[in-house]
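Next come a sequence and a model predicted from it.
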Amino acid sequence: MKPSVQHIAADIHQYFLKHGLTLAVVESCTGGLISHMITSIPGASTIFKSGIVAYSRQAKEEMLGISPDVMNEFGMVSAETAIEMAEKGRLLAKADYAAAATGNLGPAVLEGKDRGLIYLAASREGKVIIRELHLTGTRDENKTMAAEAALKLILQLAESNK
C-alpha cells in the first residue's frame with residue numbers, strides 16, 4: 001500500500017478504536033481492495049466486522065437484498081445502488097458504519113455508463129454520504145483510486161459525527 005493509503009487506514013483504525021466503533025465494507029468494482037486496505041493495519045479485527053464482495057447483480061440482490069427495482073431504474077452503477085449496498089451491509093454486519101463501492105472499471109461501457117464512473121457511499125445510522133468519481137486511469141489505477149477515496153469517505157463521515 002502507498003504511504004498515504006496506509007495513513008488513512010491507520011487513521012480510521014485509531015478513530016474507530018478510540019470511539020468503540022465498528023465497520024463493514026460492501027464492494028463491487030473494488031473487488032475486496034477496501035477490505036484489504038483496512039485489514040492491512042495490525043489489530044483491524046477490533047474494528048472491522050466484515051467485507052462482502054457482491055460483484056454480480058445476482059449477488060447484490062440475493063446476498064444483500066438490493067432492490068431489483070432500484071437496479072432496474074438506476075442501474076448497478078448508480079448512487080442509489082451504492083447507498084443500498086452501504087445500508088444493507090451495515091445492517092447485515094450489525095456494524096456502526098459501512099462503506100460501499102460500485103462502478104465501471106472498464107474497458108467497455110456498462111449500462112451505458114462510461115469507464116471510470118464510480119459511486120461510493122458511507123453509512124451510519126441516520127446518515128449516508130455519497131461520492132461520484134470520474135476516473136481516467138487504467139483499470140488497476142481506477143480500482144486503487146476508488147478504494148482510497150472510499151477510505152477517505154469513511155473517515156469523513158465518522159469525523160462529521162463529532
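Right, received. Where do you want to start?

From now on I want contacts and neighbour counts done on CA atoms only, so please keep to that.
Noted.

Can you say which helix or strand has S4 in it?
helix 3-19 (DSSP states H and E).

contacting residues for the residue positioned nearest the centre of the chain?
Among the residues of the chain, the one closest to the centroid is A100, at 2.5 Å (CA atoms, centre = their mean). By CA atoms under 8 Å, 6 or more residues apart in numbering, the contact list for A100 reads 25-28, 82-83, 85-86, 120-122, 150.

For the residues you listed, work out which two are farthest apart.
Largest separation among the contacts of A100 by CA to CA: S28 and A122, giving 14.2 Å.

More neighbours: these two, which one.
A direct count of neighbours by other CA atoms under 10 Å for S28 and A122 places A122 higher, at 31 against 24.

now the more buried one, nearest residue through space, not along the chain?
A99 (4.3 Å; CA to CA, 6 or more residues apart in numbering).

next SSE after whichever strand or helix holds that neighbour?
A99 belongs to strand 97-103 when assigned by DSSP H and E. As assigned by DSSP H and E, the chain's next helix or strand after strand 97-103 is strand 117-124.

Listing partners with orientation, what would you give for that following strand?
Strands that pair with strand 117-124, judged by DSSP bridges, come out as strand 97-103 (antiparallel), strand 127-134 (antiparallel).

Does the nearest residue to V53 once chain neighbours are set aside have any beta-bridge partners, and if so which?
Closest residue in space to V53, ignoring its immediate chain neighbours: E27 at 4.7 Å, by CA to CA, 6+ apart. Per DSSP bridges, the residues bridged to E27 are V53, A101.

And for E27, the neighbour number?
27.

Distance check, it against K18.
26 Å (CA to CA, to the nearest Å).

Report the buried residues of the helix or strand bottoming out on mean pLDDT in the chain.
In the chain, the helix or strand scored least confidently by mean pLDDT, DSSP states H and E is helix 3-19, which has a mean of 89. The neighbour-count criterion (16 or more other CA atoms under 10 Å) identifies 5-6, 8-10, 12-13, 15-16 as the buried residues of helix 3-19.

what's the answer for stretch 92-105, then?
For stretch 92-105, by 16+ other CA under 10 Å, it's 93, 95-105.

May I see those residues organised as CSV, with distance to M63 and pLDDT added?
Formatted as CSV, the buried residues of stretch 92-105 follow (distance: CA to CA, whole Å; pLDDT from 0 to 100):
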residue, distance to M63, pLDDT
A93, 12, 97
A95, 17, 98
D96, 20, 98
Y97, 19, 98
A98, 16, 98
A99, 16, 98
A100, 14, 98
A101, 16, 98
T102, 15, 97
G103, 18, 96
N104, 20, 94
L105, 22, 89
